[in-house]
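> With the sequence up front, the predicted model follows.
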Amino acid sequence: MSFSSLVQDLSLRDSTRRRGEASNASTIDDRASRTSHISRAMSYTSTAATSVSISGDIASQLHGGYCHPLARSWQAERQLTKSMLIYPLFISDQDDEEVLIPSLPNQYRRGVNKLIPFLEPLVHKGLRSVILFGVPMRPGTKDALGTAADDPEGPVIRTISLLRQRFPHLYIVVDVCLCEYTSHGHCGILRDDGSLNNQLSVDRISDVAIAYAKAGAHCVAPSDMNDGRIRAIKLKLIEEGIVHSVTLMSYAAKFSGCLYGPFRDAAGSAPSFGDRRCYQLPPGGRGLARRAIVRDINEGADIIMVKPASQYLDIISDAKDLGKDLPIAAYQVSGEFAMIHAAAKAGVFDLKAMVFESTEGILRAGATIVISYFTPEFLDWLDN
Ligand SMILES: NCc1[nH]cc(CCC(=O)O)c1CC(=O)O
Ligand SMILES: [Zn+2]
Ligand SMILES: [Zn+2]
């Protein structure tokens, strides 16, 4: 077949197909892309005479591969599904409390009595997993050692067993940290000079993780960023004989920065002095993040988490690369969530469109799990 007859044949097939498809043209967008297709086919014909390689020209025609909504969905390596989502919950020690968190649109701090009725419809819509953060509101609960973190009568441990009973198919992740429970608001136990005492912190945090695991958490997720905590928790899980039934998710690449503000409002966990820059990673520290990821894989992490998400897509991609055989979680944190809401409110973009676009970026970078405050919305949106 000569080149010009091939071109004719191609544009013929194109127009035949277009005629056949006209009846199920679904969106304006689709029709527009077909129109541009026509002009493309025309310019294709007119430049054909001077064209170089036939196979090169054929390979340059990409639109056909994504002109249909279903074909577009096939372009993504990973499709967002409900089972990839983990929803963060703030659990108050006031059982009947239900208070809107001003800096986190639509997110509430709830006591156990309010939590169950809130979750019931979400579980019915397909909610598969939550991550719990305990928030002690009662005055006098906080101390230098974060004693309340593993109080058997505290909000987290009581909520774990209640959720296990009420929602047997819900996978329960529990954040493990001391900052919500310490009087100074830091993520561990401090020396007199105000710096973290890593050994004491790791001993304490691994005890807290074991308490949550024994209470029935499917997964414990230490977010404190002390060195050696993954190994310490794994060893204690082995010692306790429960290592086979508890997932260990490491906040391996957790960066310091300004995106946790609304969370700290919600959890009352802002440090009373100083900052977290000596334990959370510096935003430019890509190599350091890689070392932390490799270290935590070697220490026995079952899942590696990167946090925040959208500002750290290269780190998610690194984590996927270094942890080829592990699930990779990305946490779209409170500041990212609040920012998307604020911009949508200011008319910068449509909220839903941005939520999907940002989440697709996170998946494209390599995440297989997404921790998202938008989970309730996704449970509706993913049905359509
Ligand atoms: N260490 C506790 C913790 N676990 C998760 C977040 C942040 C989550 C969010 O911003 O949504 C924080 C706050 C912090 O490190 O200060
Ligand atoms: Zn039910
Ligand atoms: Zn903390």
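Arrived safely, thanks for sending. Ligands and ions are numbered 1, 2, ... in the order given.
> For the protein, list the residues in contact with ligand 3, please.
Proximity of the chain to ligand 3 (CB under 5 Å from the ion) is limited to residues 177, 179, 187. In this view, the C-beta of every residue, glycine as well, is placed from N, C-alpha and C.
> Of those residues, just say which sits nearest to ligand 1.
Nearest to ligand 1, judged by CB to the nearest ligand atom, of the residues of the chain next to ligand 3 is C177 at 3.8 Å.
> Can you say which helix or strand has A76 in it?
Using DSSP states H and E, A76 is not contained in any helix or strand.
> returning to that earlier point: now narrow the residues of the chain next to ligand 3 to whatever sits close to ligand 1.
177, 179, 187 (CB under 6 Å from any ligand atom).
> Just the ones of those in helices?
Within these, no residue falls in helices by DSSP state H.
> Just put these in a markdown table and tack on pLDDT and neighbour count.
Output for these, formatted as a markdown table (pLDDT from 0 to 100; neighbours: other CB atoms under 10 Å):
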| residue | pLDDT | neighbour count |
| --- | --- | --- |
| C177 | 98 | 25 |
| C179 | 96 | 23 |
| C187 | 96 | 25 |
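> Can I get these in TSV including distance to N197?
What follows is those, written out as TSV (distance: CB to CB, whole Å):
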residue	distance to N197
C177	15
C179	15
C187	12
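> which one among the residues you listed gets closest to Q165?
C177 (25.5 Å; CB to CB).
> Quick check on that closest one: phi, psi?
With angles defined as degrees, to the nearest 10, C177 sits at phi -160, psi 160.
> Which element, helix or strand, includes the residue in the stretch 151-300 of the chain that ligand 1 sits nearest to?
For the stretch 151-300 of the chain and ligand 1, the shortest gap (CB to the nearest ligand atom) falls at F263, measuring 3.2 Å. F263 is part of helix 261-267, with elements assigned from DSSP H and E.
> Past that helix, which element shows up next along the chain?
helix 286-298.
> For that next one, buried residues please.
289-290, 292-297 (16 or more other CB atoms under 10 Å).
> Could you dump those into JSON lines with pLDDT added?
Shown next, in JSON lines, are the buried residues of helix 286-298 (pLDDT from 0 to 100):
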{"residue": "A289", "pLDDT": "98"}
{"residue": "R290", "pLDDT": "98"}
{"residue": "A292", "pLDDT": "98"}
{"residue": "I293", "pLDDT": "98"}
{"residue": "V294", "pLDDT": "98"}
{"residue": "R295", "pLDDT": "98"}
{"residue": "D296", "pLDDT": "98"}
{"residue": "I297", "pLDDT": "98"}
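> could I get these as CSV with distance to L122?
Listed next are the buried residues of helix 286-298 as CSV, based on distance: CB to CB, whole Å:
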residue, distance to L122
A289, 33
R290, 36
A292, 33
I293, 31
V294, 36
R295, 36
D296, 31
I297, 32
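> Quick check, pLDDT for the closest residue to ligand 3 within the stretch 251-384 of the chain.
For the stretch 251-384 of the chain and ligand 3, the shortest gap (CB to the ion) falls at S269, measuring 6.2 Å. In this model, S269 is scored at 92, pLDDT.
> Identify the residues contacting S223.
Taking CB atoms under 8 Å, 6 or more residues apart in numbering, we find S223 in contact with 175-177, 187, 251, 254.
> Give me the phi and psi for it.
phi -110, psi 10.
> Quick check: closest non-adjacent residue to it.
Distances taken as CB to CB, 6 or more residues apart in numbering put Y251 closest to S223, at 4.2 Å, once the chain neighbours are dropped.
> Tell me if I am right that that neighbour is in a strand.
Yes - counting by DSSP: H, G, I helix; E, B strand; the rest coil, Y251 is located in a strand.
> partners of it in the sheet?
M305 (DSSP bridges).
> hang on, the earlier thing: ok, the residues of the chain next to ligand 3 vs A221, which is closest?
Using CB to CB, the residues of the chain next to ligand 3 come closest to A221 at C177, 9.0 Å.
> That closest one contacts D224, doesn't it?
Yes - if you go by CB atoms under 8 Å, C177 and D224 touch, sitting 4.8 Å apart.
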